[in-house]
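Asker: Coordinates only, no sequence provided:
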């Protein structure tokens, strides 16, 4: 309006503008705006996450309203709502959350401007905002990658919708971003054997995933005739690739979980030998260190299993030799104990024969020759269980070089994994704990047998 009042001055100004060469704005330095970019990363992550989940809650509310509206109307005695109008007011409004839009508008205030923030600031902002979200979602446990991917995918779809892309194309692009982001968070930590390897894998894999993501969205937008918007998505953008590489390395190093160490062939064989030895000692209920008795007991167990499977009567007495000293000691202890009177009524003159090694033992003066089933029970159980002969409270000692090697491995690395004969991987500590538990229960069973025998002798039928 005022230009028409000063035509000469206006013409001179325009002439000078034409003759003056265009000067492009000066690009910011690499580290320009680094501090503000770091500070803005945290509120940017919070607002974009708020936008994503506000949209989810709004969509759920609209779906619930469409579902429950007829029921609410019936309860309050109102007329049934028109389905078409109800759908227009609820389901058709999904994706148009005003709360989510406010979060997105606020997030734009914390997005770094390439005209004023250098490359380093842009990269740092992108890395920090992703790590803040990933760190927050790790509190949810195994669902963290899914939630992280959903957050980024919903934001990608919302961004495209704000630019004018139709809902179907925007949702498909968001699905690509969500899937790639979830894989990028979980994959590096799962692949590396060490923390350093996971970081290296993340630094290589995540940029490749980023190229797939951006390239897929670009192709999808071009196919839907959004060439102008598709031009904004460059798969080989150096800033985007650098952000993906740094973020992937951080994911690999931060979320790596150390795996249990594996034994070599020698250590594995020694550990299994030790396990078998400990189970054998506990299961056979023989005196610790008596290899011959333990072997005989193991053979008796095998024979028993075979006889049971064949439907035969179990008979293994001929495979378990008796110890004359233990039999004599057991009978003397019983005869000198408080049940001497009960024994005097039924204990035979000699110890019952077991195999060919049953020695004669002096009987009490008033004992009879009448066979007594209780005495047979005394002989059998006292032969198998000798509590006075078993060392109490002593540490386990190696019987063979293999066991010695196994004990050494267990003490050095109790977290090592051993593969059992059934093909199950078990921690060394758990394996030994199971063997110790079996041995303890065997000791308890031995004492229970002793108590049962004494009760039977004290109160004969």
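Answerer: Nice, I can see it. Treat the numbers as computed from the prediction; the structure is a model and nothing was measured. Residues are numbered from 1 along each chain as shown.
Asker: Okay, residue 178 and residue 152: tell me how far apart.
Answerer: 6 Å (CB to CB, to the nearest Å). For the C-beta atoms, the positions are set from N, CA and C on the backbone; glycine is no exception.
Asker: ok, the two, which is more surrounded?
Answerer: residue 152 (25 against 22; other CB atoms under 10 Å).
Asker: in the protein, which spans are strands?
Answerer: With DSSP state E, the ranges of strands along the chain come out as 417-419, 425-427.
Asker: Mean pLDDT and mean neighbour count added to the ones you listed, as CSV?
Answerer: Listed next are those as CSV, based on pLDDT from 0 to 100; neighbours: other CB atoms under 10 Å:
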stretch, mean pLDDT, mean neighbour count
strand 417-419, 71, 19
strand 425-427, 75, 14
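Asker: Tell me which of those strands lies nearest to residue 250.
Answerer: Closest approach to residue 250 among those (CB to CB): strand 417-419, 28.9 Å.
Asker: I'd like the strands of the chain as TSV, with distance to residue 189 appended.
Answerer: Below are the strands of the chain laid out as TSV (distance: least, CB to CB, whole Å):
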stretch	distance to residue 189
strand 417-419	20
strand 425-427	20
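Asker: Show me this protein divided up by domain.
Answerer: Domain assignment for the chain by automatic domain parsing gives 34-254, 265-458.
Asker: Of those, which shows the lowest average pLDDT?
Answerer: Lowest mean pLDDT of the domains of the chain: domain 265-458, a mean of 62.
Asker: Longest helix in this structure, please.
Answerer: Looking across the chain with DSSP state H, the single longest helix is helix 34-75.
Asker: What count of nearby residues applies to residue 31?
Answerer: Residues within reach of residue 31, counting by other CB under 10 Å, total 14.
Asker: contacting residues for it?
Answerer: Shown in contact with residue 31 (CB atoms under 8 Å, 6 or more residues apart in numbering): 118, 120-121.
Asker: tell me the pLDDT at it?
Answerer: Residue 31 is given a pLDDT of 84.
Asker: quick one: residue 211 from residue 234, how far?
Answerer: Here residue 211 is placed at a distance of 10 Å from residue 234 (CB to CB).
Asker: and those two? which has more neighbours close in?
Answerer: residue 211 (17 against 14).
Asker: residue contacts, the nearest residue to the more buried one once chain neighbours are set aside?
Answerer: Leaving aside its sequence neighbours, residue 211 sits nearest to residue 235 (CB to CB, 6 or more residues apart in numbering; 4.6 Å). Residues in contact with residue 235 (CB under 8 Å, 6+ apart) are 210-211, 214-215, 218.
Asker: Go again with 6 Å.
Answerer: If a contact means CB atoms under 6 Å, 6 or more residues apart in numbering, then residue 235 has 211, 214-215 as its contacts.
Asker: residues contacting residue 174?
Answerer: 153, 156-157.
Asker: Tell me the one of those nearest residue 239?
Answerer: residue 156 (17.0 Å).
Asker: What number of residues are in the vicinity of that closest one?
Answerer: Counted with other CB under 10 Å, the neighbours of residue 156 add up to 22.
Asker: residues touching the nearest residue to it once chain neighbours are set aside, list them.
Answerer: Leaving aside its sequence neighbours, residue 156 sits nearest to residue 177 (CB to CB, 6+ apart; 4.0 Å). Taking CB under 6 Å, 6+ apart, we find residue 177 in contact with 152-153, 156, 213.
Asker: Restricted to helices, list the residues you listed.
Answerer: Going by DSSP H, the helices hold 152-153, 156, 213 from the contacts of residue 177.
Asker: how many neighbours does residue 411 have?
Answerer: 9.
Asker: how near is it to residue 428?
Answerer: Relative to residue 428, and taking CB to CB, residue 411 is found at 10 Å.
Asker: in stretch 74-89, what counts as buried?
Answerer: Buried residues in stretch 74-89, counted by 16 or more other CB atoms under 10 Å: 81, 86.
Asker: same deal with stretch 238-249?
Answerer: In terms of neighbour count (16+ other CB under 10 Å), stretch 238-249 has its buried residues at 240-249.
Asker: Stretch 94-105 too?
Answerer: Those would be 94-95, 97, 100-101, 103-104, for stretch 94-105 by 16+ other CB under 10 Å.
Asker: Nearest to residue 432 among the residues you listed?
Answerer: Checking the buried residues of stretch 94-105 against residue 432 with CB to CB, the nearest one is residue 103 at 55.3 Å.
Asker: Next up, the contacts around the closest one.
Answerer: Residue 103 is in contact with 47, 50-51, 54, counting by CB under 6 Å, 6+ apart.
Asker: of all the contacts of residue 235, which comes closest to residue 307?
Answerer: residue 211 (68.8 Å).
Asker: Give me the distance between that closest one and residue 120.
Answerer: Distance from residue 211 to residue 120, counting by CB to CB: 22 Å.
Asker: could you list every residue that touches residue 269?
Answerer: Contacts for residue 269 were tallied using CB under 6 Å, 6+ apart; there are none.
Asker: ugh, wrong one, I meant residue 414
Answerer: 428-429.
Asker: rerun that using 10 Å as the cut-off
Answerer: 427-433 (CB atoms under 10 Å, 6 or more residues apart in numbering).
Asker: If you rank those residues by neighbours, which is first?
Answerer: residue 428 (25 neighbours).
Asker: Hmm, that one is touching residue 419, no?
Answerer: No. At 11.4 Å, residue 428 does not count as touching residue 419 under the criterion of CB atoms under 10 Å.
Asker: Return every residue with contacts to both of those two.
Answerer: With CB under 10 Å, 6+ apart as the test, residue 428 and residue 419 both reach 263, 271.
Asker: Relative to residue 183, which of the ones in helices among the contacts of residue 177 is nearest.
Answerer: Set against residue 183, the nearest of the ones in helices among the contacts of residue 177 by CB to CB is residue 213 (9.9 Å).
Asker: how close does the residue nearest to residue 211 get to residue 434?
Answerer: 54 Å.
Asker: Residue 41 too?
Answerer: Applying CB to CB to residue 41 and residue 434 gives a distance of 50 Å.
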